[in-house]
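# Build me a model:
(2 chains)
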2 protein chains.
Amino acid sequence: MRDMKKSTCLVIIALAIVCIPLLATAFESKVVDANPKISYHGTSDPLPSWNEGSAKSAILCFVANVTDKSNPDYVEPEERIAVFDNDGTLWCEYPDYVQSRFMLERVKDMAPDHPEWNDMEPFSSILSGKRFATGNFSYEEIMQIYAATSSNLTPEEYMSLVRDWLNRSNDPHFGLPYTKCVYKPMLELLSYLRTEGFKVYIVTGGDEDFVRAFSEEVYGVPPEQVIGSEIKLQFIENNSSYSVVKLPEILVYDDGQEKAEEIQLTIGRPPIFAYGNSDGDIPMLQFATGGCRRGLGLLNHHDDPIREYVYDSDPSLGGLDKGLKMAGEWGWQVVSMKNDWNTIF
Amino acid sequence: MRDMKKSTCLVIIALAIVCIPLLATAFESKVVDANPKISYHGTSDPLPSWNEGSAKSAILCFVANVTDKSNPDYVEPEERIAVFDNDGTLWCEYPDYVQSRFMLERVKDMAPDHPEWNDMEPFSSILSGKRFATGNFSYEEIMQIYAATSSNLTPEEYMSLVRDWLNRSNDPHFGLPYTKCVYKPMLELLSYLRTEGFKVYIVTGGDEDFVRAFSEEVYGVPPEQVIGSEIKLQFIENNSSYSVVKLPEILVYDDGQEKAEEIQLTIGRPPIFAYGNSDGDIPMLQFATGGCRRGLGLLNHHDDPIREYVYDSDPSLGGLDKGLKMAGEWGWQVVSMKNDWNTIF
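Below you'll find the predicted structure:
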């Protein structure tokens, strides 16, 4: 399946012969997703926003194989772990991460209580408007802003701030709330995988609680299935109560190798399906597909200048140079957002 | 319910009037637990190894309330998070932790490859037999032994070693495999809660992968629902493969406050049911029951010298001095293993 791009018509015909009966099985009447954002019913196409082609076929064939008890690639439901990056994979990340926009605005909201920030970088140049996007800061500065804008809050307080901000903010380019700049083909895929017995996790470089603030409502992914960057917590006991507070200290920045390590630590077994869009997702895809494993790895390729953006090589958003080169060798499916999707949002 | 020990017959009668209809609801025919180690069917008692009394009533009433949509204490299924300690709560921990026995034996198995251990504490006195139980070592030494016996292995290799060892080892006192020294009343409780829509987590001071090696088979708890102490992992990419390896470095020792912090980090919301047996479980119980929360907290009290052990105040096993004192104030249910359980294993 993975070499299909290079393949001849003969291979396509051979694959069609193999896959059509499997697809027929996949389309049989199933219980409707218990937590459907978009759900599919019975015999209709579970991925209507996906054009026919190698990406859609790869997904449908893979799912048909691992859910068919008579197939040698059958996988028991408890092993059907699917992991998805968030920024650029499930929702729009260009020209800047949504969480970065939140953090930079929050610095301004917090400034009256922090007069010292007027003379302290990186805060002073945020307040003066000189620096206004992730790419303007070093990694260390971004971590400093992340800690400053997350700490001294309980997780509930932080999530409530995030929800309030998301409710009153629009993506300036699309003129839509950020939670509407979510890729419809991906919502269909999440729903399809859940219906086929997969447990769907988000594995994000974004803060775990930032994503938890909307993941259940927007993606149907509950908080315990969100793995992300983490701020250290402190449990404080009072006489007959307690509180849990975020400290100004980063515990995990969940990108690159950390994504694979955090998946193993949290889930305790490797995924069989991994979907990302940047080089920071490579270890996660390797984890699903390397060695003797026969999982499916996919990468969104932002190549649609009309309906979304083209930004392969923007280093401030992780880039995909390495991923595009490795895809062939590792058998990952590169998904062209321009050609493989008939709808973006 | 929690003050029942102090209450008069009148209170008992009043409670019976309130609870009997709720219990009737709880006993109605339900879908049998999908992953039953011990499952209950329809109208029969879901907790047959529990004697009638305040502990059993507290559990049944609590579950009846939170699963009854017309009850003001109703809790949506996705919020029904239950957390259980492992050592001394689900299986026997006396006179020493099972994992400590594994680690000390593994030091001996590893010794031929570590000639330097003959002159290096704490290893030399393990090899000479001078020190042979958790209580003989400082906290730092135990962490050193933990790291040395877990590292340079993939999680799969480590879990395989644990399984092999569990398969060939017996508890010397009971003459049974350690995985048979599991409390039958607790297996019934895990199954009952799952059937009532709870998501059951183990939150243990033991190594996460040590417990994952048997949690699904013995407790019906999948690896992603085991939260425990963690060894740092390293993801290593090779040309067309990868490996994940445990480093000789402790990432989290999951006891006391860390239990509450790890619950929040991993699950992303507080539990409504927490069950432990030592002072290290107190923050976890506070997290479930403190503030405005109305969760249920329970503590196993090891007070049965005939069928198991009596060891309230053994500091090498965490002790329960503080927990017993706090139980009244916080409304936690102390479960007498002698009186509340008609069967131990």
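
# How far does stretch A:63-82 sit from its chain's centre?
Chain-centre distance of stretch A:63-82: 22 Å, with Cα atoms, centre = their mean, to the nearest Å.

# Any part of that stretch near chain B?
Yes. Shown here: stretch A:63-82 in contact with chain B (Cβ under 8 Å from any Cβ of the partner chain) through A:E78. Just so you know, the C-beta spots here come from the backbone N, C-alpha and C atoms, and that holds for glycine as well.

# Ends of that stretch, what's the gap?
In terms of Cα to Cα, to the nearest Å, the two terminal residues of stretch A:63-82 are separated by 11 Å.

# what does stretch A:182-201 give?
End-to-end distance of stretch A:182-201 (Cα to Cα): 16 Å.

# Report pLDDT for the nearest residue to A:S124 once chain neighbours are set aside.
Using Cβ to Cβ, 6 or more residues apart in numbering or on different chains and skipping the chain neighbours, the partner closest in space to A:S124 is A:N118 (5.7 Å). A:N118 carries a pLDDT value of 96.

# Repeat that for A:H41.
Reading off the model, A:H41 has pLDDT 46.

# Are there helices or strands packed against the helix or strand encompassing A:M186, and which ones?
Using DSSP states H and E, A:M186 sits in helix A:184-195. Under the contact criterion of 3 or more Cβ pairs under 8 Å, 6 or more residues apart in numbering or on different chains; DSSP states H and E, helix A:184-195 touches helix A:54-66, strand A:81-84, strand A:199-207, strand A:273-276.

# can you tell if stretch A:144-158 touches chain B?
Yes. Stretch A:144-158 lies within reach of chain B by Cβ under 8 Å from any Cβ, at A:P155.

# Please state the offset of that stretch from the chain centre?
Relative to the centre of its chain, stretch A:144-158 is centred 22 Å away, using Cα atoms, centre = their mean.

# For that stretch, output the C-alpha coordinates as PDB.
What follows is stretch A:144-158, C-alpha atoms only, in PDB (Å, rounded to 0.1, in the frame of the first residue of the first chain):
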ATOM      1  CA  GLN A 144       9.700  31.200  30.100                       C
ATOM      2  CA  ILE A 145       6.500  32.700  28.700                       C
ATOM      3  CA  TYR A 146       4.700  29.300  28.900                       C
ATOM      4  CA  ALA A 147       5.600  28.900  32.600                       C
ATOM      5  CA  ALA A 148       4.700  32.500  33.500                       C
ATOM      6  CA  THR A 149       1.300  32.400  31.800                       C
ATOM      7  CA  SER A 150       0.400  28.900  33.300                       C
ATOM      8  CA  SER A 151       1.600  29.000  36.900                       C
ATOM      9  CA  ASN A 152      -0.100  29.900  40.200                       C
ATOM     10  CA  LEU A 153      -3.300  28.500  38.900                       C
ATOM     11  CA  THR A 154      -5.200  25.300  39.500                       C
ATOM     12  CA  PRO A 155      -5.700  23.100  36.400                       C
ATOM     13  CA  GLU A 156      -9.400  24.000  36.500                       C
ATOM     14  CA  GLU A 157      -8.600  27.800  36.700                       C
ATOM     15  CA  TYR A 158      -6.200  27.500  33.800                       C
END
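
# Go ahead and measure how far stretch A:292-311 is from the middle of the chain.
On Cα atoms, centre = their mean, the centre of stretch A:292-311 falls 12 Å from that of its chain.

# try stretch A:111-127
Between the centre of stretch A:111-127 and the centre of its chain there are 32 Å (Cα atoms, centre = their mean).

# tell me which residues in it are buried?
For stretch A:111-127, the neighbour count (16 or more other Cβ atoms under 10 Å in any protein chain shown) marks A:117, A:122-123, A:126-127 as buried.

# ok so, going back, pipe the helices and strands packed on helix A:184-195 into a markdown table and attach mean neighbour count and mean pLDDT per row.
A markdown table is the format used below for the helices and strands packed on helix A:184-195 (neighbours: other Cβ atoms under 10 Å in any protein chain shown; pLDDT from 0 to 100):
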| stretch | mean neighbour count | mean pLDDT |
| --- | --- | --- |
| helix A:54-66 | 22 | 97 |
| strand A:81-84 | 26 | 98 |
| strand A:199-207 | 24 | 98 |
| strand A:273-276 | 29 | 98 |
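
# so which of those gets nearest B:Y253?
With distances scored as Cβ to Cβ, the stretch of those nearest to B:Y253 is strand A:199-207 (24.3 Å).

# After that closest one, heading C-terminal, what element do we hit next?
Next helix or strand after strand A:199-207 toward the C-terminus (DSSP H and E): helix A:208-219.

# Which of the buried residues of stretch A:111-127 fall within helices?
Judged by DSSP state H, helices contain the following of these: A:123, A:126-127.

# and A:E217, how far is that from A:L90?
Going from A:E217 to A:L90 by Cβ to Cβ, to the nearest Å gives 13 Å.

# What's opposite the closest residue to A:V200 other than its chain neighbours in the beta bridge?
Spatial nearest neighbour of A:V200, excluding adjacent residues (Cβ to Cβ, 6+ apart): A:A82 at 5.0 Å. Applying DSSP bridges to A:A82 gives these bridge partners: A:V200, A:F273.

# Pretty sure A:A82 sits against A:I267.
No. Checked against Cβ atoms under 8 Å, the pair A:A82 and A:I267 is beyond contact range at 10.7 Å.

# Against A:A148, how distant is the residue nearest to A:S124?
Per Cβ to Cβ, A:N118 is found 14 Å from A:A148.

# Name the SS class of the residue of chain A most remote from its centre, please.
Residue farthest from the centre of chain A, counting by Cα atoms, centre = their mean, is A:N239 at 40.9 Å. Here A:N239 is recorded as coil under DSSP: H, G, I helix; E, B strand; the rest coil.

# The one 10 residues further on now?
Secondary structure assignment for A:E249 (three-state DSSP): strand.

# Which residue ranges of chain A form strands?
All strands of chain A, identified by DSSP state E, fall at A:81-84, A:170-171, A:176-177, A:199-207, A:226-237, A:242-252, A:273-276, A:296-301, A:333-336.

# and the last one, which residues are buried?
Meaning strand A:333-336. Buried residues in strand A:333-336, counting neighbours by 16+ other Cβ under 10 Å, are found at A:333-336.

# now do the longest one
Using 16+ other Cβ under 10 Å as the burial criterion, the residues of strand A:226-237 that qualify are A:226-233, A:235, A:237.

# Of those residues, which is the nearest to A:R106?
Nearest to A:R106 out of the buried residues of strand A:226-237 is A:I231 (Cβ to Cβ; 13.8 Å).

# Cool, thanks, signing off.
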